[in-house]
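Novice: Give me a model of this one.
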Amino acid sequence: MENLKNIVNFFNNILWNKNLLVVILIGAGIFFSWKTKFVQIRLLKHMMKLLMEKSQGDDQNISSFQAFCISTATRVGVGNLAGVVSAISIGGAGSIFWMWIVALLGAATAFIETTLAVIFREKDGNGNFNGGPAFYLKNGLGMKKTGAIFVITGIICWGGVLQIVSNSVSESFYVAFNIDPKIMTIFLVILSASVLFGKKDKIANVLDKIVPIMATLYLVVVFFIIFKNITLIPSVIKDIVSQAFGIKQGIGGTFGAIVMQGVKRGLFSNEAGTGSAPCAAASANVSHPVKQGLIQSLGVFVDTFVICTATGMVVLLTEPSAISKFNGMELLQSAFKFHIGDFGGIFIAIILFLFSFSTLLGICFYGKTNLIFLSKKQWPQELFKIFALSMIFIGGIEQNIFMWNLADFGLGLMTIVNMIAIFPLHKVAISSLEEYSN
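Specialist: A predicted model of the protein is given here:
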């Protein structure tokens, strides 16, 4: 186990601490923004219109909106809550600015990878679409083995994330209701199992109901808090911008730490460039690949500019003395308590449960699609469900910092493998965009 930790820490040091992924992701975002003529800004209004477009054709595959909900479910989760809190705690207010930059540029990357996922997807014998980085590596570049590597790195990342999510839920319910983490974890496992072992489209059907409700509930309360403190907003925004460039140092953060926390947690939250979201997007029944590419690009905006910013604002509007002794989810619960009383801790526990449950289901949808790439047989998918439930159980019982490192490790490797595909294939997506626009 110690050797595994050393290996993970060694690669994380290269991927994250040496800024390798910062260069790759920011560089990719700039490159794809330029190549698409900033499609994420040009067609923003059109993206919102497409979101409500009805699915075309048969009922075998999920709708465009359901695909959006699945990918948003995994984006809008612990990364938007614990991840943002972590970024601010280490990098200060300025880390929020760099999360915005990652999202703005990453939206173009999300468009490219999603469009490719739909173009190079496959239809199985039951009429279901399956796609993602593994499929466009194989069908676009003839790199089937590299596609298999993506699947493996994905499972490593998602296994770590499942534990993190589960632990966040059990911790928050213990703080809010004094419920034993073991009891909460068992409940979460049973609830997850009831959906995972249901009908094939049950995950999508559950998520397209949970995601809009949980996002609306969260934003209503956050906007109430912001409205209550409206006179403080200008100073908070000033802090975000000034601290982003080290003009005013963050909470113990140097300029490098500020940038790294914003980029790292921004990526962990919005997933642009990692190859995760295309796994869901490829299953959507859309009339043109570009349509789903635009919808997933919109998802990056929703995740970071709306949900993450909302979370950051609540923390930054809180009196420092009220949260100085806490970290993680307990810090966020304390921030909400400061603004809306004891109900704040209860509210965050409930919202985190909804966010986390949707993330768990979304990850399981990703796992299913990627395991189909390795084998068309049913048993690997069933085995992954058992693996997922095991990770949920282990993570909920006990916090394991190594799981954060493992998730970062898998996320970093996924991103690199995904980039190996989308850079040489980006012209295919650009051609599709030009065809769609004409």
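Novice: okay, CA-based contacts and neighbour counts for the rest of this
Specialist: Will do.
Novice: What segments of this protein are strands?
Specialist: Counting by DSSP state E, the chain has these strands, from start to end: 122-123, 129-130.
Novice: how near is V290 to R121?
Specialist: Between V290 and R121 the computed distance is 14 Å (CA to CA, to the nearest Å).
Novice: neighbour count winner among those two?
Specialist: Residue environment comparison for V290 versus R121 gives the larger neighbour count to V290, 26 against 23, counting by other CA atoms under 10 Å.
Novice: For the more buried one, give its distance to A277.
Specialist: V290 sits 15 Å away from A277, going by CA to CA.
Novice: Helices of the stretch 301-438 of the chain, residue ranges please.
Specialist: According to DSSP state H, counting those that start in this stretch, the stretch 301-438 of the chain carries its helices in the segments 309-316, 320-323, 328-340, 343-374, 379-397, 401-437.
Novice: To E271, which of the ones you listed lies closest?
Specialist: Across these, E271 has its closest neighbour in helix 401-437 (8.8 Å, CA to CA).
Novice: Determine the set of other helices and strands touching that closest one.
Specialist: Helices and strands in packing contact with helix 401-437 are listed as helix 2-12, helix 94-119, helix 133-141, helix 144-177, helix 289-301; criterion 3 or more CA pairs under 8 Å, 6 or more residues apart in numbering; DSSP states H and E.
Novice: Which stretch among the ones you listed approaches F245 most closely?
Specialist: Closest of the helices and strands packed on helix 401-437 to F245 is helix 94-119, at 7.3 Å (criterion: CA to CA).
Novice: thinking again about what came up before, in terms of mean pLDDT, which of the helices and strands packed on helix 401-437 ranks lowest?
Specialist: Averaging pLDDT over each of these singles out helix 2-12 as the lowest, with a mean of 78.
Novice: in that helix, what counts as buried?
Specialist: 8-9, 11-12 (16 or more other CA atoms under 10 Å).
Novice: what do you get for stretch 145-164?
Specialist: Under the neighbour-count criterion of 16+ other CA under 10 Å, stretch 145-164 has 146-148, 150-164 buried.
Novice: residues making contact with that stretch?
Specialist: Stretch 145-164 has contacts (CA atoms under 8 Å, 6 or more residues apart in numbering) with 78, 133-138, 276, 360, 363, 367, 370-371, 373-374, 388, 391-396, 399-400, 403-404, 406-411, 413-414, 417-418.
Novice: Got a quick ChimeraX command for the buried subset of those residues?
Specialist: Selection command for ChimeraX covering only the buried members of the contacts of stretch 145-164, criterion 16+ other CA under 10 Å:
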select :78,133,134,135,136,137,138,276,360,363,367,370,371,373,374,388,391,392,393,394,395,396,399,403,406,407,408,409,410,411,413,414,417,418
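Novice: circling back to that earlier point, of the helices and strands packed on helix 401-437, which is nearest S33?
Specialist: When those are ranked by distance to S33, counting by CA to CA, first place goes to helix 94-119 at 5.3 Å.
Novice: what's the angle from that closest one to helix 133-141?
Specialist: Following axes from the mean of the first three to the mean of the last three CA atoms, to 10 degrees, one obtains 50 degrees for the angle between helix 94-119 and helix 133-141.
Novice: how much distance is there from helix 94-119 to the middle of the chain?
Specialist: Using CA atoms, centre = their mean, to the nearest Å, the distance from the centre of helix 94-119 to the centre of the chain it belongs to is 11 Å.
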